[in-house]
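**Student:** Generate a structure from the sequence data that follows.
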Amino acid sequence: MPAEGAPAEGPPADDDARSVIGAAFTVLRSLRERGPSRVSDLQRACGLPRTTVHRLLCQLQAVDAVRRTEGRWSIGPLLVELGSGPFAEPGEPGLRHVARRPLLDLARASGALVAISVETAGHGLVLDVLPSVRPLKGPEPRPGMALHPDELAPLGLDVSRVASVRAHHRAHRGDLRPVLDLGHADPRVTCVAAPLRISARDVGAVWVMLPGAADVSDAVVGATWRTARRIAAELPGSGSSG
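**Tutor:** Numbers count the residues shown, from 1 in each chain. Okay, the predicted model is just below:
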């Protein structure tokens, strides 16, 4: 027991720790809202010193909570996995959890690479990927990958041609018809992306990728579309319709 007048035992820097955690979440919220950003952008948005923002980002990067591509920072794969996307409510299964079984069924039925993406702050983010039976010759998506020009351009991809991004745009318009890309984004890959309505505000896409720029069967297109509808129907409080 400490002597009278002596400092109480316990973490001596509780307030400092809370301050650091609070600042880290401020940075993460800003990334969630803004999408891929430079340190200077986050500094202004968060109202924190540049050195503080940079230090926090480096610490978060060490645990895969954020990632850096072409000078811009974005949400990393750890937060994608832990949070199951930014859409889960307390006590409810998140998108990644809900989507896992339907994606596995689609992968088995199609033999294709299967992925699901969400849109956050106007930019796509790959949430989960199941590899294909046949390896693709083109670049493959990975969980936590930003569907953003800074990340896609080095891979030789034009973001405006990427089927999943186009499917996000369709979902915003309420158009749930699948997007077919027969080698336009990458001549080595065929892609089918089904728009996904996650809520009244949030959208995503379920997509399959097959090697080669060949026609794709109606069965694969239909299975991809049905998988997106199934996921939307199983989401708690989903705003999907029609």
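
**Student:** Just give me the neighbour total for Ile75.
**Tutor:** As a burial measure, Ile75 scores 24 neighbours (other CB atoms under 10 Å). Every C-beta, even on glycine, is put in place using the N, C-alpha and C of the backbone.

**Student:** what residues are up against Leu152?
**Tutor:** 158-159, 162 (CB atoms under 8 Å, 6 or more residues apart in numbering).

**Student:** could you check the distance from it over to Gly124?
**Tutor:** Noted for Leu152: a distance of 10 Å to Gly124, by CB to CB, to the nearest Å.

**Student:** After the helix or strand of the chain with the lowest mean pLDDT, which helix or strand is next?
**Tutor:** Averaged element by element with mean pLDDT, DSSP states H and E, the chain has its least confident helix or strand at helix 77-83 (a mean of 60). Using DSSP states H and E, the helix or strand that follows helix 77-83 in sequence is helix 95-110.

**Student:** just checking, next helix/strand downstream of that next one?
**Tutor:** Next element after helix 95-110 (DSSP H and E): strand 113-120.

**Student:** Would you list the strands that that following strand pairs with, along with their directions?
**Tutor:** Using DSSP bridges, strand 113-120 pairs in its sheet with strand 123-130 (antiparallel), strand 203-211 (antiparallel).

**Student:** Please state the offset of the shortest one from the chain centre?
**Tutor:** The reference is to strand 123-130. Centre-to-centre, strand 123-130 and its host chain are 4 Å apart (CA atoms, centre = their mean, to the nearest Å).

**Student:** can you tell me the average pLDDT over the helix or strand hosting Leu60?
**Tutor:** Leu60 belongs to helix 50-62 when elements are defined using DSSP H and E. Averaged over helix 50-62, pLDDT sits at 93.

**Student:** how about Val216, what does it touch?
**Tutor:** Counting by CB under 8 Å, 6+ apart, Val216 has contacts 180, 182, 190, 192, 210.

**Student:** That one belongs to a strand?
**Tutor:** No: going by DSSP: H, G, I helix; E, B strand; the rest coil, the assignment for Val216 is coil, not a strand.

**Student:** tell me which residues of stretch 210-230 are tucked away?
**Tutor:** Buried residues in stretch 210-230, counted by 16 or more other CB atoms under 10 Å: 210-213, 216, 220-221, 223-230.

**Student:** Stretch 138-147 now?
**Tutor:** Residues 138-141, 143-147 are the ones in stretch 138-147 that count as buried (16+ other CB under 10 Å).

**Student:** and which of those residues is nearest to Pro236?
**Tutor:** The closest of these to Pro236 turns out to be Pro143 (CB to CB; 22.0 Å).

**Student:** Brilliant, that's me finished.
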